[in-house]
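> Turn this into a model:
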Amino acid sequence: MKIVIATDAWKPQLNGVVTTLDTLGRILTKFGNEVMYITPQDFKSVPMPSYPEIRLSLFPNRKVAAMINEFKPDAIHIATEGPIGRAARRFCRRRKYPYTTSFHTRFAEYTNERWKFPIEWGYALLRDFHKHGEAMMVATPGLMEELRGRGFNNLRLWERGVDTEQFRVIESDVYDHLPKPIFTYVGRIAVEKTLEDFLDLDLPGTKVIVGAGPQEAELKKKYPKVVFDGKHYGDELAKRYSASDVFVFPSRTDTFGLVNVEALACGVPVAAYPVRGPLEIMEHAPKGAGCLDEDLKVACMTALEERDPAACRAHAMKFSWDAAAKQFISNLEIPGFDEDFWLRSAKMIEDPILPA
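Below you'll find the model as predicted:
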């Protein structure tokens, strides 16, 4: 199939949305599909106020329409609610072309945190954006239930996966020069991540922040003893996970928190609040894979004391990208599409053994 993925979040951003969409495209391509991304890299753009890492594409409507017309896709997936997402949505609605969307980011909470925009107003705008899609894909059953309670409809589950070949337990000396143990956070350095909850903790060893974002300069000045290690990708990021003793995730607003699963895949236990995302990731996790607690210090120290890299890795292996890609394809609902035929063609399910 030929699939368009329209997204306002793209490289060089380091976040779960970009990682998810990039990995999804690679998996779909591996199984014989052709994927075209429409991203800010295709347009003139300006930095988002107070968040320059995010680029807002300027006047994308005409070019988005031209790109889709030329590509002639079998399916269109709109991943974000920004200018590119809105341009793709406008194209689909004018042409009466079916499309799907996905819910990745709690923009209602984020805009309230940054600019005091009322949360209910934010959700009203989000409901309006998603309401005409064939389906809105959501990462967890708990989030689906919450959004249904907020008036969203046509919800479908699209669980997340982790690239367990990329993220693995490896020998790494990148933090050998730092006092141990190493407590690490990976992701955006922004107010909605409540990083100060982590950085204010009285913990032994060293706190490390991997990533970038609008709060970076402020936090560097406020916490001079914290190591800010910048942005890293691929093997370099896997080395940083593997060199850590505990992965700390202080956010209360993420829809999933893919970095938690990446850390687990590298053998590192998770310390986080018992909130949506971490709760669903750590459900049925074995002892040694981490700890969730409203006292984040208790979570950190318990995760450190019970740390079991093998248990972490085993739990991460439950998050399969093949299964996630299968769910995504199922949710597209292309007219005339034979899902069983596609899955067999892509070798994602076995053909039945027929009698001789």
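
> Which of the three states applies to G230?
Counting by DSSP: H, G, I helix; E, B strand; the rest coil, the backbone at G230 sits in coil.

> How about I68?
I68 ends up helix, using three-state DSSP.

> Contact partners for it?
I68 is in contact with V4, I38, I76, A88, F91, counting by Cβ atoms under 8 Å, 6 or more residues apart in numbering. C-betas here are computed from N, CA, C, even on glycine.

> For the first one, which residues are in contact?
Read it as V4. V35, M36, Y37, I38, M67, I68, F71, P73, A75, I76, H77, A88.

> quick one: strands adjacent to the strand or helix carrying it?
Using DSSP states H and E, V4 maps to strand 2-6. Its sheet considered, strand 2-6 pairs with strand 34-38 (parallel), strand 75-78 (parallel) by DSSP bridges.

> residues of stretch 28-43 that come out buried?
Neighbour counts over stretch 28-43 (16 or more other Cβ atoms under 10 Å) mark L28, F31, N33, V35, M36, Y37, I38, T39, P40, F43 as buried.

> Going through these, which one is the model least confident about?
Sorting the buried residues of stretch 28-43 by pLDDT puts F31 at the bottom of the list (86).

> That one against K326, yeah?
No - here F31 does not reach K326: they are 9.7 Å apart, not a contact under Cβ atoms under 8 Å.

> and the closest residue to K180 other than its chain neighbours, what does it touch?
Leaving aside its chain neighbours, K180 sits nearest to G205 (5.0 Å; criterion: Cβ to Cβ, 6 or more residues apart in numbering). Neighbouring residues of G205 by Cβ under 8 Å, 6+ apart: L178, P179, K180, P181, I182, F183, D245.

> Which ChimeraX command selects the buried ones in these?
Typed into ChimeraX, the line below selects the buried ones among these, using 16+ other Cβ under 10 Å:
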select :181,182,183,245
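
> I'd like the distance from G122 to L56, if you could.
From G122 across to L56, the span is 17 Å (Cβ to Cβ, to the nearest Å).

> And for R90?
Separation of R90 from L56 (Cβ to Cβ): 16 Å.

> which stretches of this structure aren't confidently modelled?
Within the chain, the ranges that satisfy pLDDT under 70 run 50-51, 333-356.

> sorry, back to before: let me have the contacts of V4 in JSON lines, adding distance to R106 as columns.
Below are the contacts of V4 laid out as JSON lines (distance: Cβ to Cβ, whole Å):
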{"residue": "V35", "distance to R106": "26"}
{"residue": "M36", "distance to R106": "28"}
{"residue": "Y37", "distance to R106": "23"}
{"residue": "I38", "distance to R106": "23"}
{"residue": "M67", "distance to R106": "29"}
{"residue": "I68", "distance to R106": "28"}
{"residue": "F71", "distance to R106": "31"}
{"residue": "P73", "distance to R106": "29"}
{"residue": "A75", "distance to R106": "26"}
{"residue": "I76", "distance to R106": "24"}
{"residue": "H77", "distance to R106": "20"}
{"residue": "A88", "distance to R106": "21"}
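
> what about the strands in this protein?
In the chain, the strands defined using DSSP state E lie at 2-6, 34-38, 45-48, 51-57, 75-78, 100-102, 135-138, 155-157, 182-186, 206-210, 227-228, 246-249, 270-272, 290-292.

> highest average neighbour count across those strands?
Greatest average neighbour count among the strands of the chain goes to strand 270-272 (a mean of 28), per mean count of other Cβ atoms under 10 Å.

> wait, F247 sits on V268?
Yes - F247 is within contact range of V268, at 4.8 Å (criterion: Cβ under 8 Å).

> Spit out the residues that contact the two alike.
Joint contacts of F247 and V268 (Cβ under 8 Å, 6+ apart) are T184, Y241.

> Please enumerate residues in contact with the lengthiest helix in the chain?
Longest helix of the chain, by residue count under DSSP state H: helix 16-30. Defining contact as Cβ under 8 Å, 6+ apart, one finds that helix 16-30 is touched by 3, 5, 7, 9-11, 35, 37, 79-80, 104-105, 160-161, 163, 187, 254, 256-259, 321-322, 324-325, 328-329.
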